[in-house]
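Colleague: Fold the following and give me the result.
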Amino acid sequence: MNPWPIAVATVAAFIASSVYYSAFDRLRATQLGAEPAAGERPPVWKIAVELLRSLVIATALAVAVDALNIDGPAVVLLALGVWLAFPVTILSGSIVWDGVPWRLAALHAGDWLLKAILIALLVGLWR
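Modeller: Numbering: from 1, shown residues only. Take a look at the predicted model:
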């Protein structure tokens, strides 16, 4: 398995997620009952954790793509399946059981959808 697509997908997912949340900063802040954090940089440890999270999902998707020997449009189907099976299921549980606002959960689900498709495309098409 080629480590370069995993590394590139990790960084790409981190950047895409940063842009995504920047675009929805006001919505996120409203749902959390806070002021938007416009222009604020997160602490280094949060950046490191987010990079690690992106690395974990990039590695898992790369392993799945390799084990299933899929490419082309099938990698997008894999990303959608993983997205529905994990983030969507977990986030819907947080709505039902913990009272998380559905708009906040949908915001996070959108981020995971973006990352899952981006990562799957990178690791699936660059093998």
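Colleague: Could you find the closest non-adjacent residue to the most centrally placed residue in the chain?
Modeller: Nearest to the geometric centre of the chain sits residue 112, at 3.2 Å (CA atoms, centre = their mean). Nearest residue to residue 112, sequence neighbours excluded (CB to CB, 6 or more residues apart in numbering): residue 87, at 3.8 Å. C-beta here means a position set from N, CA and C on the backbone, and glycine is covered the same way.
Colleague: Helices of this protein, start to end?
Modeller: For the chain, applying DSSP state H gives helices covering 3-23, 25-32, 44-68, 74-83, 89-98, 102-125.
Colleague: Dump those helices to CSV, plus mean pLDDT.
Modeller: Compiled in CSV, the helices of the chain are given as follows (pLDDT from 0 to 100):
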stretch, mean pLDDT
helix 3-23, 96
helix 25-32, 85
helix 44-68, 96
helix 74-83, 96
helix 89-98, 97
helix 102-125, 96
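Colleague: Please name the spatially closest residue to residue 35 (chain neighbours excluded).
Modeller: Here the residue nearest residue 35, using CB to CB, 6+ apart, is residue 29, at 5.9 Å.
Colleague: neighbours around that neighbour, how many?
Modeller: 14 (other CB atoms under 10 Å).
Colleague: Could you check how far it is from residue 40?
Modeller: Distance check for residue 29 against residue 40: by CB to CB, to the nearest Å, it reads 11 Å.
Colleague: and what of residue 20?
Modeller: 16 Å.
Colleague: More neighbours: these two, which one.
Modeller: Taking other CB under 10 Å, residue 20 and residue 40 do not tie; residue 20 has more neighbours (16 against 9).
Colleague: Please list all residues in contact with that one.
Modeller: 110, 111, 114 (CB atoms under 8 Å, 6 or more residues apart in numbering).
Colleague: Could you do residue 76 as well?
Modeller: Taking CB under 8 Å, 6+ apart as the criterion, residue 76 is in contact with 117, 120, 121.
Colleague: Swap in 7 Å and give it another go.
Modeller: Counting by CB atoms under 7 Å, 6 or more residues apart in numbering, residue 76 makes contact with 117, 120.
Colleague: one step back: so the residue nearest to residue 35 sits right up against residue 21, yeah?
Modeller: No - look at residue 29 against residue 21 with CB atoms under 7 Å: they stay out of range, at 10.5 Å.
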